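>>> Just the structure for this:
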Amino acid sequence: MAPTTTGPAPKSGRFTRTTTPPAPALAPPAVIPPALEIWAPDPPTWGQRLIPKGVRSAMADLGLWQEPRPLRPSYHLVQVIEVLTRYGWCQSFDFSPTGRMCIRGAQTFLESTGHVTTIDRGKAVNYLQSQLSRQGVNMRFWEWNDLSHNNFQGVEAMISAASDLARKNGD
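The predicted structure is shown next:
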């Protein structure tokens, strides 16, 4: 974009102030997996919990059940943020008595409901650890989550930065 001139024009023609419009903010990825209908899924019902995985797979093959499709690490980390936003973020517990979750609890929830594979969850953990290392923090992410000075906005920013790092690396 071309610079724009602001303020009244001086009589001598000198001292005009030009400004450049701010750069556009980074947008989330343009392509979101179509299989993901709900970013923060509902917990499985008791009926769903009682059906063994083999039976669910057979039902899915017959078209009677739809298993969630696992996400890549970058999308998984975005989904972790959405789960923490929907159910609430907590410290010192993977799952609090009131239903809130920490980062590791949200990842466990998403893995248990089939929204991420164990391998992709491990990759996401590596991106979380890499992002903490970039910030000069040398502790595991769940220990960092429990630090008393942390708040949800800081946790959300760290997970978002890890997701961006994963996206840049093609994950």
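
>>> got the buried residues for stretch 98-111?
Within stretch 98-111, the residues scored as buried using 16 or more other CB atoms under 10 Å are 100-111. Glycine gets a C-beta too; all of them are placed from N, C-alpha and C.

>>> average pLDDT for that stretch?
Summarised as a single mean, pLDDT over stretch 98-111 is 91.

>>> hey, C-alpha coordinates of it in PDB?
Written as PDB, here are the backbone C-alpha positions of stretch 98-111 (Å, rounded to 0.1, in the frame of the first residue of the first chain):
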ATOM      1  CA  THR A  98     -15.800 -29.100  38.400                       C
ATOM      2  CA  GLY A  99     -14.800 -30.400  34.900                       C
ATOM      3  CA  ARG A 100     -12.100 -27.900  34.100                       C
ATOM      4  CA  MET A 101      -8.900 -29.200  32.500                       C
ATOM      5  CA  CYS A 102      -5.200 -28.300  32.200                       C
ATOM      6  CA  ILE A 103      -3.300 -28.500  28.900                       C
ATOM      7  CA  ARG A 104      -2.400 -32.200  29.500                       C
ATOM      8  CA  GLY A 105      -6.000 -33.000  30.500                       C
ATOM      9  CA  ALA A 106      -7.400 -31.400  27.400                       C
ATOM     10  CA  GLN A 107      -5.000 -33.500  25.300                       C
ATOM     11  CA  THR A 108      -6.000 -36.700  27.100                       C
ATOM     12  CA  PHE A 109      -9.600 -35.900  26.600                       C
ATOM     13  CA  LEU A 110      -9.100 -35.300  22.800                       C
ATOM     14  CA  GLU A 111      -7.000 -38.500  22.500                       C
END
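
>>> For the helix or strand encompassing residue 119, output the C-alpha coordinates as CSV.
Assigned by DSSP states H and E, residue 119 belongs to helix 118-134. Taking Å, rounded to 0.1, in the frame of the first residue of the first chain, the C-alpha atoms of helix 118-134 are listed here in CSV:
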residue,chain,number,x,y,z
THR,A,118,-0.9,-40.9,20.2
ILE,A,119,1.8,-40.1,17.7
ASP,A,120,0.4,-36.7,16.7
ARG,A,121,-0.2,-35.9,20.4
GLY,A,122,3.5,-36.6,21.0
LYS,A,123,4.4,-34.3,18.1
ALA,A,124,2.2,-31.6,19.6
VAL,A,125,3.9,-32.0,23.0
ASN,A,126,7.2,-31.5,21.3
TYR,A,127,6.0,-28.3,19.7
LEU,A,128,4.7,-27.1,23.2
GLN,A,129,8.1,-27.9,24.7
SER,A,130,9.9,-26.2,21.8
GLN,A,131,7.8,-23.0,22.3
LEU,A,132,8.6,-23.0,26.0
SER,A,133,12.3,-23.4,25.2
ARG,A,134,12.1,-20.4,22.9
